[in-house]
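>>> Okay, here's the prediction I keep looking at, along with the sequence it came from:
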Amino acid sequence: MSFFPTEDRDDTIIVTLTNGERNTLHPALLEDGITAFQALAQNPPKNGIVLTGAGEHFTCGMDTKVAASLDKAGQIQAAAAIDRFAAALHRLPCAVVVALNGNTIGAGGIMALAADWIVAAQGNYKIGLPEAKAGLPFPPVPQAILDHWLGPVWRRRLSLSSHLLTPVEALSAGLADELAAPDQLLDQAVVCARELATQPGFKACKRQLRAKANAEIDAILKR
């Protein structure tokens with residue numbers, strides 16, 4: 001069973017991160033995501049992609065128990081998988097909208113920043129990048145995404161303080177672009193993806209906008 005089941009809604013593919021109650025990430029899940037995103041890159045849906053989480057959380061980040069169980073070689077492999085996972089998401093050539101349905105922590109924040117648009121459900125949950133508090137520094141590709149797509153003031157504040165934001169606060173920080181009622185989140189995200197995708201120059205503009213970041217990511221992955 002895939003950790004990233006899909007639904008085709010009128011040529012918009014909804015991808016739902018699905019892993020238990022908290023949707024935490026681990027190496028096997030990351031490899032599954034790499035495969036899923038690379039396949040979508042080869043055959044991009046006409047009306048874009050919506051990425052969301054199952055249940056009450058988008059993702060609570062890396063599974064800390066799994067991370068703690070890894071030896072040094074396993075940690076190196078896991079970091080490389082995070083890099084390739086983030087790169088595969090960032091490189092998707094079509095419109096990508098992230099629909100934040102709940103807590104979006106650590107790697108979840110990087111996943112959001114890798115998208116073209118972030119729709120966040122209204123609610124009492126948190127969005128942030130608490131890697132410093134968790135003792136998990138950003139791998140190189142997530143750091144590149146952070147450097148390119150989050151403003152320098154908020155990048156400093158969130159990276160060093162581990163402060164978590166409400167959805168409303170995330171709008172000001174650049175970790176959300178618009179809010180949605182929880183029961184309308186997916187529908188609103190699908191409409192957003194379709195509106196982005198149907199612009200005649202969208203793919204060309206996205207390619208231009210991401211050229212420097214993708215070149216930096218390519219160089220990281222070749223090391």
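Sure, I can see it.

>>> which residues sit in contact with Glu21?
Applying Cβ atoms under 8 Å, 6 or more residues apart in numbering to Glu21 gives the contacts 55-57. Backbone N, C-alpha and C define where each C-beta goes, glycine included.

>>> The chain: strands as residue ranges?
6-9, 12-17, 49-53, 57-59, 96-100, 103-105, 117-121, 127-128, 164-165, 178-180 (DSSP state E).

>>> so which of the ones you listed gets nearest Ala144?
Closest to Ala144 of those is strand 96-100 (Cβ to Cβ; 16.9 Å).

>>> neighbouring contacts of the closest one?
48-53, 58, 89, 108, 111-112, 114-121, 127, 167, 176, 180, 185-186, 188-190, 192-193, 196.

>>> about what we covered before: right, and the strands of the chain - which one's nearest Ala213?
Among the strands of the chain, if distance is taken as Cβ to Cβ, the winner is strand 96-100, at 13.9 Å.

>>> What is the burial count for the closest residue to Trp154 other than its chain neighbours?
Leaving out its chain neighbours, the residue that sits closest to Trp154 by Cβ to Cβ, 6 or more residues apart in numbering is Ala173, at 4.4 Å. For Ala173, the neighbour count with other Cβ atoms under 10 Å is 19.

>>> surely Ala173 meets Leu158?
Yes - Ala173 lies in contact with Leu158 (Cβ atoms under 8 Å); the separation is 7.0 Å.

>>> Now for these two: what residues contact both?
Joint contacts of Ala173 and Leu158 (Cβ under 8 Å, 6+ apart) are 150, 165.

>>> if we can go back for a sec, contact partners for the residue nearest to Trp154?
So Ala173 contacts 150-151, 154, 157-158, 165 (Cβ under 8 Å, 6+ apart).

>>> So how do I select the buried members of the contacts of Glu21 in ChimeraX?
Selection of buried members from the contacts of Glu21 for ChimeraX, criterion 16 or more other Cβ atoms under 10 Å:
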select :57
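
>>> Around Ala41, count how many other residues there are.
Neighbours of Ala41 using other Cβ under 10 Å come to 15.

>>> how close does it sit to Phe138?
Counting by Cβ to Cβ, to the nearest Å, the gap from Ala41 to Phe138 is 23 Å.

>>> How confident was the prediction at the spatially most central residue of the chain?
Centroid-nearest residue in the chain, with Cα atoms, centre = their mean: Met111, separated by 1.4 Å. Model confidence at Met111, given as pLDDT, is 98.

>>> if I look at it, how far off is Ala181?
Noted for Met111: a distance of 22 Å to Ala181, by Cβ to Cβ.

>>> again, but for Glu56
Applying Cβ to Cβ, the value for Glu56 to Ala181 is 16 Å.

>>> Same question for Ile127.
17 Å.

>>> ok, these two, which is more surrounded?
Comparing Ile127 with Ala181 by other Cβ under 10 Å, the one with more neighbours is Ile127, at 25 against 11.

>>> The more buried one and Ile110 touch, don't they?
No - the criterion here is Cβ under 8 Å, and Ile127 misses it with Ile110 at 11.6 Å.

>>> on that earlier part again, closest one to Asp32 out of the contacts of Ala173, please.
So of the contacts of Ala173, ranked by how close each gets to Asp32 (Cβ to Cβ), first place is Leu150, at 26.5 Å.

>>> Fine by me, we can end here.
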